[in-house]
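Engineer: got a sequence here, can you model it:
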Amino acid sequence: MYAARFMRRVRRTEDGGRRTEVGGRRRRAEDGGRRTEEDGRGKTERHVGGSSDPPTSEASVTVSGRPPSSDNRPPTVRQPTTGNRKYHQAVDFQISVDVAAPPDIVWDVMSDGERWHEWTASVRSVKRLDKGPLRIGSRAIIRQPKFPPALWTVTALVPGRSFTWISGFPGMWVYATHSVEPIAGGTRATLSLRFTSALGPWFGRMTRDINNRYLEMEAAGLKRRGEERAKTGA
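Structural biologist: Numbering: from 1, shown residues only. All right, here's what the predicted structure looks like:
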């Protein structure tokens, strides 16, 4: 009997009405009508004694080192906030211009990126990384004043009508859309930019002036080249 108690490593002491048992799995303490039980899963404090009234304070449970919870439920994980949401909304730039030329001519000028530098100073060069007409997945490297070279990839295409390509990296994406539509007397061409993701809107606001200026230059150049092509047929 004594050997069994020794192997269980149980120590009992009595001091002023307080009894403590310490073992491999459980410890009990009685003091002022309260008992504490502790095992490998946590510590629970319960009311014991002659009175059946509950304790004045709620029982507290600590699980895996987490802070106590008054209702014994798992702790709620609070999702991080994004702060001021307006700074995370996409930033858009857009310009439309009416061209006195048929849509197919304007489309040919618009989709021939490697010749953009001939009619707009906003582009130094465009180097296609594939051959043939634009298609989804087509890629090009564009060099512009005041910006580093950028790789653009076509993500949407309606032949003869519109195409969208994207550039950037995770955290900052820029979409550029080019479209034409027939109107009385010619074509309406629309150019737009959209800055998205975490850093995109911030970068779009920082470059607002140059974005607007480049779109104006490109719209004016597209109109001029399209109308020249319509007149000369070249």
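
Engineer: C-alpha only now, for contacts and for neighbours.
Structural biologist: Noted.

Engineer: count the residues that sit near the closest residue to residue 142 other than its chain neighbours.
Structural biologist: Here the nearest residue to residue 142 in space, its sequence neighbours aside, is residue 126; by C-alpha to C-alpha, 6 or more residues apart in numbering that works out to 4.6 Å. The burial metric for residue 126, expressed as a neighbour count using other C-alpha atoms under 10 Å, is 21.

Engineer: pull the residues that contact the stretch of helix or strand residue 126 belongs to.
Structural biologist: Secondary structure from DSSP states H and E places residue 126 in strand 125-128. The contact list for strand 125-128, computed with C-alpha atoms under 8 Å, 6 or more residues apart in numbering, reads 113, 114, 115, 116, 117, 138, 139, 140, 141, 142, 143, 144.

Engineer: mind doing that once more with 6 Å?
Structural biologist: Under the criterion C-alpha atoms under 6 Å, 6 or more residues apart in numbering, residues 114, 117, 140, 141, 142, 143 lie in contact with strand 125-128.

Engineer: near the last one, how many other residues are there?
Structural biologist: A count of nearby residues for residue 143, using other C-alpha under 10 Å, gives 18.

Engineer: now do the first one
Structural biologist: Burial measure for residue 114: 17 neighbouring residues, criterion other C-alpha under 10 Å.

Engineer: now do the contacts for it.
Structural biologist: For residue 114, counting by C-alpha under 6 Å, 6+ apart, the contacting residues are residue 126.

Engineer: pretty sure it is in a strand, no?
Structural biologist: No. Per DSSP: H, G, I helix; E, B strand; the rest coil, residue 114 lies outside any strand segment and is helix.

Engineer: longest helix in the protein, please.
Structural biologist: Of all the elements of type helix in the chain, the one with the most residues (DSSP state H) is helix 208-232.

Engineer: what comes up buried for that helix?
Structural biologist: With burial defined by 16 or more other C-alpha atoms under 10 Å, the residues of helix 208-232 counted as buried are 211-212, 214-223, 225-227, 229-230.

Engineer: do stretch 93-107 as well
Structural biologist: When neighbours are counted by 16+ other C-alpha under 10 Å, the buried residues of stretch 93-107 are found to be 94, 96-107.

Engineer: rewinding a little: what lines up beside the strand holding residue 126 in the sheet?
Structural biologist: The strands that strand 125-128 pairs with in its sheet are strand 139-143 (antiparallel) (by DSSP bridges).

Engineer: quick one: the helices in the protein?
Structural biologist: Taking DSSP H as the test, the helices found in the chain are 2-7, 103-111, 200-206, 208-232.

Engineer: dump these to JSON lines, plus mean pLDDT and distance to residue 169.
Structural biologist: Below are the helices of the chain laid out as JSON lines (pLDDT from 0 to 100; distance: least, C-alpha to C-alpha, whole Å):
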{"stretch": "helix 2-7", "mean pLDDT": "44", "distance to residue 169": "64"}
{"stretch": "helix 103-111", "mean pLDDT": "97", "distance to residue 169": "24"}
{"stretch": "helix 200-206", "mean pLDDT": "95", "distance to residue 169": "10"}
{"stretch": "helix 208-232", "mean pLDDT": "97", "distance to residue 169": "19"}
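
Engineer: now render those helices as TSV, adding distance to residue 157.
Structural biologist: Converted to TSV, the helices of the chain look like this (distance: least, C-alpha to C-alpha, whole Å):
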stretch	distance to residue 157
helix 2-7	79
helix 103-111	11
helix 200-206	23
helix 208-232	19
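
Engineer: I appreciate the help and will end here.
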